[in-house]
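Colleague: Sequence first, then the predicted structure, then my questions.
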Amino acid sequence: MFETLLFEITDGRALITLNRPDVYNAFNDQMRKELLAALKEAEKNTAVRVVILTGAGKAFCSGQDLKEVLANPDRSISESLHKGYNPLIKQMRNMPKPVIGRLNGIAAGAGCSLALACDMVIASEEAALSEIFINIGLVLDSGSAYFLPRLVGSALAFELATTGRKVSAKEAVTIGLINKAVPSDQLDTAVMEMAAYYEHAPTKAIGLMKKMLNKSFQSDLDTLLEYEAYCQDIAASTSDSKEGIAAFLQKRKPQFKGE
Amino acid sequence: MFETLLFEITDGRALITLNRPDVYNAFNDQMRKELLAALKEAEKNTAVRVVILTGAGKAFCSGQDLKEVLANPDRSISESLHKGYNPLIKQMRNMPKPVIGRLNGIAAGAGCSLALACDMVIASEEAALSEIFINIGLVLDSGSAYFLPRLVGSALAFELATTGRKVSAKEAVTIGLINKAVPSDQLDTAVMEMAAYYEHAPTKAIGLMKKMLNKSFQSDLDTLLEYEAYCQDIAASTSDSKEGIAAFLQKRKPQFKGE
Amino acid sequence: MFETLLFEITDGRALITLNRPDVYNAFNDQMRKELLAALKEAEKNTAVRVVILTGAGKAFCSGQDLKEVLANPDRSISESLHKGYNPLIKQMRNMPKPVIGRLNGIAAGAGCSLALACDMVIASEEAALSEIFINIGLVLDSGSAYFLPRLVGSALAFELATTGRKVSAKEAVTIGLINKAVPSDQLDTAVMEMAAYYEHAPTKAIGLMKKMLNKSFQSDLDTLLEYEAYCQDIAASTSDSKEGIAAFLQKRKPQFKGE
């Protein structure tokens, strides 16, 4: 189906593996397009209730493939952002399903932005993140200017953005950049446990909460309270919510169907 | 005075205790109304310079009383948010006096939002917080979508919102969700020490700072600088500020009157 | 050149030292004006690629000199904010060069705001920060209402603002208020190492990233993605970026000129 990705749907999970390990899963045009298509497919497929994004081989994603840039000297970066990266980042944040980043190795540059665009990141302790844009005189892109301060605060955001220093998975947890770091041989267990939870969770409510949280920092309290009430009525009308309440009253485990 | 609350004013403190311990202080219509009335009374009473909010028995507040929901099948949740919870949360954030949450036990669902709406939370190490909405297929409400990311950053906010996992008081301090956790037998000492500070603090300046901080994340630097200057002129005209400067120059402890 | 400051340019660094050690480098009119002039000079001088701000003697900066306030009873605080402090804070955040705070000792009141307005703060372990405004019945000013929540989150911001409690350098690192704390005899090494990095960094990209990060919290994702793309085209057109890519391909260290 895809040349630069592995795409696998098992039960309620879509597992997307960036698969250009010889270039540390660097982005080229094709991989950007295929990743967008895979994410759209995962959104459309009603069986899918959680998406896992990871990389093949040693790296998660090393960012933009510089060879591609040099082969297209007339293309502006903003064009490749507008047509390639930004639609990807928007798709990840706007799709009403949880996206777990399985950080198997280095996430650098646009690859770091890709990791931060996941709703939640679980990393191998051998993984690391680096905003390497500055190493070639560039600025944060693909959403990192949005994500970084919201994750680690202003002072650390400036430091990580302007020095590009590599942040180990453990430090990343301490500063709030990612959710969890585990020894590499426990990465699959940790990711699959979390995926199993989301696979059986009330997916509609999670999708609504993504939208609510996307609005949070830039909205005032009154706006958020209104929006919470609007979303809560939608959530309360789902069959999952009815099942949740019934199960609570019957003192049994709920069977959520994502509907 | 109230049936679902204990409400006690001692010196400059109002102590509000949610008092439905048999249902872990779950919210029903009456408790929402009485809590709003108690908060308004604490705001109006000029002797009161700090509010302490806590729960009777084992829990702080277990959120919405589901029995009430089932007894009123025709009432939309948004109606109970608009008429009940949201006015409460706005009252807590807009009243120009500090509100200390004394977290004696579990704060769950709307009870978690209630804790996060306090200006400051001091917890027993046996207490915990949980955004349990998702367990019954619902979304964050009563302000949690506003508070969570401002307290713990985006990645943890998503995790806590969508898994509902219980956060111990100690972890809550580490991630910035609450201010302090102490062994349960030291909770009263810790809360009363803090309350004693606020009882003798320049209350007007604190009220102004609540307003300033409420605006912070969603405003740019120029807007905040302007607003700081506007508020500073008001603060400088209070008798507490004049007393503060006089005491400083006379090298004595100031006697603030909250005026 | 200046009476209240030491101002020294060495290679690519401007070192600004607040120099009223007998009053713990408290601000008076003259120091505000001279500091603004020094910062503007550092911005204008194309040789300067990083600014270091520190204090002479034991303190970093103890804030407003109260003697000046008492000598000018007719001047409103908002006037001194509008004409003195706020232009300073805006200059620091808007100048397209990194500003490192070298926190040698206490930063209090407007001196705390000055430290937080730096892009990055490296402190001696003996230093501390305190929002002491409340001690004299005043509110946060000079940007602290903007910076505090963006650095430490809402709950801690309220606590630090309303209690004025002194935060040690070590705690300040833990909560995200500053970047680094080192034993006092290693402060110069730590600051100079960081300054040396910025002195040879792609300064234009750093200036652009300051602008991007300034917009982050109060903007939504789409706005930031657009702005990233706009800035990235500018960054990509700099000679530093061309040098960065060339060096990467030639597997050598880049020689950035800040152009």
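Modeller: Looks like it came in fine. Numbering: from 1, shown residues only, chains lettered A, B, ... in the order given.
Colleague: from here on, contacts and neighbour counts on C-alpha atoms
Modeller: Fine.
Colleague: For residue A:224, which non-adjacent residue is spatially closest?
Modeller: Residue nearest to residue A:224 in three dimensions, not counting chain neighbours: residue B:146, with 6.1 Å by C-alpha to C-alpha, 6 or more residues apart in numbering or on different chains.
Colleague: Check whether that neighbour really touches residue A:214, as I assumed.
Modeller: No - the pair formed by residue B:146 and residue A:214 falls short of the contact definition of C-alpha atoms under 8 Å, at 10.4 Å.
Colleague: of those two, who's got more company?
Modeller: A direct count of neighbours by other C-alpha atoms under 10 Å in any protein chain shown for residue B:146 and residue A:214 places residue B:146 higher, at 28 against 19.
Colleague: what about the more buried one, distance to residue B:161?
Modeller: Here residue B:146 is placed at a distance of 12 Å from residue B:161 (C-alpha to C-alpha, to the nearest Å).
Colleague: Likewise for residue A:94?
Modeller: Residue A:94 sits 17 Å away from residue B:161 when distances are taken as C-alpha to C-alpha.
Colleague: between these two, who's got more neighbours?
Modeller: For residue A:94 versus residue B:161, neighbours defined as other C-alpha under 10 Å are more numerous around residue B:161 (25 against 16).
Colleague: The stretch 1-150 of chain A against chain C: which residues are in contact?
Modeller: Residues of the stretch 1-150 of chain A lying close to chain C (C-alpha under 8 Å from any C-alpha of the partner chain) are A:76-78, A:81-82, A:86, A:90, A:134-143, A:145-146, A:149-150.
Colleague: Now the buried members of these.
Modeller: Buried positions within the residues of the stretch 1-150 of chain A next to chain C, assessed by neighbour count (16 or more other C-alpha atoms under 10 Å in any protein chain shown), are A:77-78, A:81, A:86, A:90, A:134-143, A:145-146, A:149-150.
Colleague: Mind checking which of those are in helices?
Modeller: Restricting those to those inside helices, with DSSP state H as the criterion, leaves A:77, A:78, A:86, A:90, A:145, A:146, A:149, A:150.
Colleague: ok, the fifth one - contacts?
Modeller: Under the criterion of C-alpha atoms under 8 Å, 6 or more residues apart in numbering or on different chains, the neighbours of residue A:145 are C:209, C:212, C:213, C:216, C:224, C:228.
Colleague: From what I see, the second one and residue C:225 are in contact.
Modeller: Think residue C:212. No - judged on C-alpha under 8 Å, residue C:212 makes no contact with residue C:225 at a distance of 10.0 Å.
Colleague: what about those two, which has more around it?
Modeller: When residue C:212 is set against residue C:225 and neighbours are counted by other C-alpha under 10 Å, the residue ahead is residue C:225, at 27 against 19.
Colleague: Packing partners of the strand or helix carrying that one?
Modeller: Secondary-structure assignment from DSSP states H and E places residue C:225 in helix C:221-236. Under the contact criterion of 3 or more C-alpha pairs under 8 Å, 6 or more residues apart in numbering or on different chains; DSSP states H and E, helix C:221-236 touches helix A:77-80, helix A:86-94, helix A:144-152, helix C:203-215.
Colleague: any residues touching the first one, and which ones?
Modeller: By C-alpha under 8 Å, 6+ apart, the list of residues contacting helix A:77-80 from outside reads C:229, C:230, C:232, C:233, C:236.
Colleague: again, but for the second one
Modeller: Counting contacts by C-alpha under 8 Å, 6+ apart, the residues outside helix A:86-94 that touch it are A:32, A:35-36, A:39-40, A:99, A:114, A:117-119, A:142-143, A:210-211, A:214, C:221-222, C:225.
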